[in-house]
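# Below is the sequence, then the predicted model.
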Amino acid sequence: MNIKKGDRVIHRKAKEWGIGEILELGNGPRCRIFFANKGNTLISTDSLDLLEKVEGKSAEHPLLDNLKLSGDKEVKYKTISELITKFINIFPKGFYDDNYYKEERDYKIEAHELMLRLLNKSEYDKMLESEEYEEICSRALKIVNKTNLIFPNEKMALKDGLKSAENKKMFAVSLFQLLYGQSELSERFSIFAETLYSIEAAKWTTQTYFLFITYPDKYIFMKPSVTQSAADAFAFELNYSTEINWNSYEKLMRFSQYVSDELSKSGDALKPRDMIDVQSFIWSSAPGKYIA
């Protein structure tokens, strides 16, 4: 069979493994393939005829297209089935479990509802026209303090950064543009990041919190250490950088959509209603949280 490193294949006798990508194909007795539903797998070179090459649209896969490798090996990979099983062990009724609502969902919904009351587009626009920058910042801090998603020291950095009138105005204007502006999100995202750097409050949590809380149906929250650990469990490359940048956030959105799509295949109990459910599952997938 004419295959090479980087080719996408399926195993004719193990189609449940899904699409795989050939990582190593040397002169030794085995080749190494990463299958989307199995992970790193060694296949005897004598069995290569059992591999079927997949090309074109059929070869596309969101995980394989963003596969994270370290020394050409996947990092701490767990299949989605393994992660789902462990999640269900914690929350037997999935996203409709009473304990899940208590531990993960309700307080985020409350923060979302507070956001819609205090800084909805109409109300926010009126305050900007009246130059009520201090009131806007006060409301933003109240929304931040509604959850524990941003670390206390990061909340304090934001509060300290908003002490001057100049910083209040800059923050109020750029936050409005981030949430309600008409230009491309990448541009609005970058401008808000520049603002946070200017007021010495540039953290991924602060950068992504307001998008997540305002539009939980569309945007995901980034808590760096947890998100990276979860992405490692999925072997998904985020191209993470400590410096806030659009490329890493765009990768995170792809990752969250991949997780959402995979969960949706697992039945109604795990069909995400929004990114709150996805973020909670990602959080729970990280080692040292609910799931070891």
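Good, I have the coordinates. Computed from a predicted model, the values in this text were never measured in an experiment.

# Was I right to think residue 5 contacts residue 33?
No. Applying Cβ atoms under 8 Å, one finds residue 5 not in contact with residue 33, separated by 10.1 Å. Just so you know, the C-beta spots here come from the backbone N, C-alpha and C atoms, and that holds for glycine as well.

# So which of those two has more stuff around it?
residue 33 (25 against 13; other Cβ atoms under 10 Å).

# shared neighbours of residue 5 and residue 33, anything?
Shared contacts of residue 5 and residue 33, defined by Cβ atoms under 8 Å, 6 or more residues apart in numbering, comprise 22-23.

# and residue 133, what does it touch?
Applying Cβ under 8 Å, 6+ apart, we find residue 133 in contact with 165, 168-169, 171-172.

# The same query, at a cut-off of 10 Å, please.
127, 162, 165-173 (Cβ atoms under 10 Å, 6 or more residues apart in numbering).

# Can you flag the buried ones in those?
Buried members of these, scored by 16 or more other Cβ atoms under 10 Å, are 127, 162, 167-173.

# and of those, the nearest to residue 255?
Nearest to residue 255 out of these is residue 171 (Cβ to Cβ; 28.2 Å).

# wait, the closest one sits on residue 196?
Yes. Here residue 171 lies in contact with residue 196, judged by Cβ atoms under 10 Å, at a distance of 8.2 Å.

# any shared contact partners between those two?
158, 161.

# returning to what we had before: identify, from the buried ones among the contacts of residue 133, the entry nearest to residue 228.
Lowest distance from residue 228 to the buried ones among the contacts of residue 133 (Cβ to Cβ) belongs to residue 171, with 27.2 Å.

# residues in contact with the closest one?
With contact set as Cβ under 10 Å, 6+ apart, residue 171 has these partners: 133, 136-137, 140, 158, 161-162, 192, 195-196, 198-199, 201.

# Among these, which ones are in helices?
Secondary structure from DSSP state H places 133, 136-137, 140, 158, 161, 192, 195-196, 198 of the contacts of residue 171 in helices.

# Among these, the buried ones, what's the PyMOL command?
The PyMOL selection below is limited to those of the ones in helices among the contacts of residue 171 classed as buried (16+ other Cβ under 10 Å):
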select buried, resi 133+136+137+140+158+161+192+195+196
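
# Dump the ones in helices among the contacts of residue 171 to a markdown table, plus distance to residue 89.
Compiled in a markdown table, the ones in helices among the contacts of residue 171 are given as follows (distance: Cβ to Cβ, whole Å):
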| residue | distance to residue 89 |
| --- | --- |
| 133 | 48 |
| 136 | 44 |
| 137 | 43 |
| 140 | 38 |
| 158 | 37 |
| 161 | 42 |
| 192 | 39 |
| 195 | 42 |
| 196 | 38 |
| 198 | 45 |
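
# ok, so of the ones in helices among the contacts of residue 171, who is nearest residue 9?
Using Cβ to Cβ, residue 192 comes nearest to residue 9 of those, at 43.0 Å.

# Would you confirm that that closest one contacts residue 183?
No. At 11.8 Å, residue 192 does not count as touching residue 183 under the criterion of Cβ under 10 Å.

# what do these two both touch?
Shared contacts of residue 192 and residue 183 (Cβ under 10 Å, 6+ apart): residue 177.

# residue contacts, residue 120?
Per Cβ under 10 Å, 6+ apart, neighbours of residue 120: 179-180, 214.

# pLDDT score for residue 96?
On pLDDT, residue 96 comes in at 97.

# If you could redo that for residue 292, that was the one I meant.
Here the pLDDT value assigned to residue 292 is 44.

# Neighbours of residue 149, how many?
Residue 149: 22 neighbours (other Cβ under 10 Å).

# What distance do you get for it to residue 21?
35 Å (Cβ to Cβ, to the nearest Å).

# Over to residue 154?
38 Å.

# Could you check which of the two is surrounded by more residues?
Neighbour count, other Cβ under 10 Å: between residue 154 and residue 21, residue 21 has more, with 22 against 18.

# Name the helix or strand for the more buried one, please.
If you go by DSSP states H and E, residue 21 is part of strand 20-24.

# now for the helix or strand that that strand is followed by, which elements pack on it?
The first helix or strand that comes after strand 20-24 along the chain, using DSSP H and E, is strand 30-35. For strand 30-35, the helices and strands in contact under the criterion 3 or more Cβ pairs under 10 Å, 6 or more residues apart in numbering; DSSP states H and E are strand 8-11, strand 20-24, strand 39-44, strand 73-74.
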